[in-house]
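Asker: Next input, structure requested:
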Amino acid sequence: SDLVKEIVYHSLAIGFIALSLKRDKNQTNKKVWSTGMIIVLTYLLQAMVGIFVILVFFKDIFLGAGFLLPLGFGQGPGLANSQGTAFAEGVGQLSQGGALGSTIASVGFLVGGIIGVFALNYLARKHNLNVDKKHSENSSIKESFEVETIKELRVFDSLTAQMTIIFVIYFLVYLTLALLENVILPPIGDIGIVFAGVFHGFNFLIGIIYALIFKKILVSLEKKGKNINFMTNNYVLSNISSIAFNFLITAAVLTITIESIKEYYLLVIVMAIFGTIFTYVFLDFVIKKVYDKEFHPHYFLGMFGMLTGTASTGLALLKGVDPDYKTPVAEEMVVGSGTAISMALPLFALLAFPGLAITNDNNIYNVIAIAVLIGYFALLLFVLLFMNRKSNK
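Answerer: Next up, the predicted model:
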């Protein structure tokens, strides 16, 4: 159990660092930002639903468990497991928290794979989409890629270079966490200890920040005429992140224990039912307001799969109505996920508040967290609808 938790923890950071190092040549536009807003709005909605379930049905359970719904459904097993473990070890609440987060995420996979397939068939009939009932790959489509390295570097040299950069960045993450947990935060008192536990679960976020800084330095050097194209290779980085996330998902599912299922099965069932209903209804509403009518079912299937399972779940459902990804939906989902990271930062900050309420024995922190969730949701929804109303005119 301890070993697979470590695999989840480190794979999460390594995967996100590799993704952040990729140099994206796509130009963002308003729809990409709209997609990012919808992703974050769904996170916020799922967080509100999770907290509502705790407050109404499970008052004796730590309020932070409500935040595991968006982390499990919206982000996947890695972050849900990591934050659940942080609640258990850093705050001293929510025993088996890591396993609970993984369980919620696993149920999210089932929701995306089962409810999503029902939705796929329903929308295909409703919109008269010409869908092949059996999809077969053929060799008529050819893909090509460039090896973005100088001649002296071969494939394995490129892999070594990428791994070295990733681990240097991860070493900086380690130093940052060590300073925060042992030097900077402990003198503050109980609040510092709580934040230290939260930051420990955010190793991936610190890694993203350092990776983006490194990428910014490379871009700056490139503008000055320096030849640094060989430093990062998108093809190799994509494969590293894919391997890391495959390990992460497998290990996260292995952290689920019989004890956690016995303790939290009712909470998981109720949370999953409410989370699925609200996610389905909200996405159906907002997608009709934002995107072209022609692509409503495509966006809904892709986003519903991604916001209950992972991005691969959404792409698998999208493939049912768009086998070769000819619509703009797949690209906007992927790029929109990147824009969502910056907008989701307030949600990550709120994860510390339930722990502060416990350590300070003051519910005002929980009230602040709920108020910020509702206020930020209302603000983003207003901006999204206003922005798209203006662009449609």
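Asker: Looks like residue 308 contacts residue 114 (just checking).
Answerer: No. Contact criterion CB atoms under 8 Å: residue 308 and residue 114 do not qualify, at 9.9 Å. From N, CA and C alone the C-beta is placed, and that goes for glycine too.
Asker: Neighbour count: those two, which is higher?
Answerer: In this view residue 308 and residue 114 are compared by other CB atoms under 10 Å, and residue 308 has more residues nearby, 32 against 12.
Asker: Can you give me the pLDDT of that one?
Answerer: Predicted confidence (pLDDT) at residue 308: the value is 89.
Asker: Next up, the contacts around it.
Answerer: 73, 108, 109, 111, 112, 115, 116, 275, 276, 279 (CB atoms under 8 Å, 6 or more residues apart in numbering).
Asker: Could you find the closest non-adjacent residue to residue 47?
Answerer: Counting by CB to CB, 6 or more residues apart in numbering, residue 47 lies nearest to residue 70, which is 4.7 Å off, once chain neighbours are set aside.
Asker: What of residue 64?
Answerer: Of all residues apart from its sequence neighbours, residue 354 sits closest to residue 64 (CB to CB, 6+ apart), at 3.7 Å.
Asker: Tell me the secondary structure at residue 93.
Answerer: Of the three states, residue 93 takes coil under DSSP: H, G, I helix; E, B strand; the rest coil.
Asker: Does it touch residue 357 like I think?
Answerer: No. Using CB under 8 Å, residue 93 and residue 357 do not qualify as a contacting pair, with a distance of 10.0 Å.
Asker: The two: who's more crowded?
Answerer: Counting neighbours by other CB under 10 Å for residue 93 and for residue 357 shows that residue 357 has the greater number, 22 against 18.
Asker: Model confidence score at that one, please.
Answerer: According to the predicted model, the pLDDT of residue 357 comes to 78.
Asker: quick one: what helix or strand has it in it?
Answerer: Assigned by DSSP states H and E, residue 357 belongs to helix 353-359.
Asker: Which elements pack onto that helix?
Answerer: Using 3 or more CB pairs under 8 Å, 6 or more residues apart in numbering; DSSP states H and E as the contact criterion, the secondary-structure elements in contact with helix 353-359 are helix 190-201, helix 364-392.
Asker: following the first one, which helix or strand comes up?
Answerer: Scanning the chain past helix 190-201 towards its C-terminal end, the next helix or strand to appear is helix 203-223 (assignment: DSSP H and E).
Asker: what does that following helix contact?
Answerer: With contacts defined as CB under 8 Å, 6+ apart, helix 203-223 is touched by 9, 12-17, 20-21, 23, 78-79, 82, 165, 169-170, 172-173, 176-177, 199, 228-229, 231-232, 341, 348.
Asker: swap in stretch 249-261?
Answerer: Applying CB under 8 Å, 6+ apart, the set of residues contacting stretch 249-261 is 1, 4-5, 7-8, 11, 76-78, 80-81, 96, 98-100, 102-103, 105-106, 310.
Asker: re earlier: and the helices and strands packed on helix 353-359, which one's lowest on average pLDDT?
Answerer: helix 190-201 - the lowest mean pLDDT of these, at a mean of 63.
Asker: returning to what we had before: narrow the contacts of helix 203-223 to just the buried residues.
Answerer: Buried members of these, scored by 16 or more other CB atoms under 10 Å, are 9, 12-17, 20-21, 78-79, 82, 165, 169-170, 172-173, 176-177, 199, 231-232, 341, 348.
Asker: just checking, which of those belong to helices?
Answerer: For the buried ones among the contacts of helix 203-223, membership in helices holds for 9, 12-17, 20-21, 78-79, 82, 165, 169-170, 172-173, 176-177, 199, 341, 348, with DSSP state H as the criterion.
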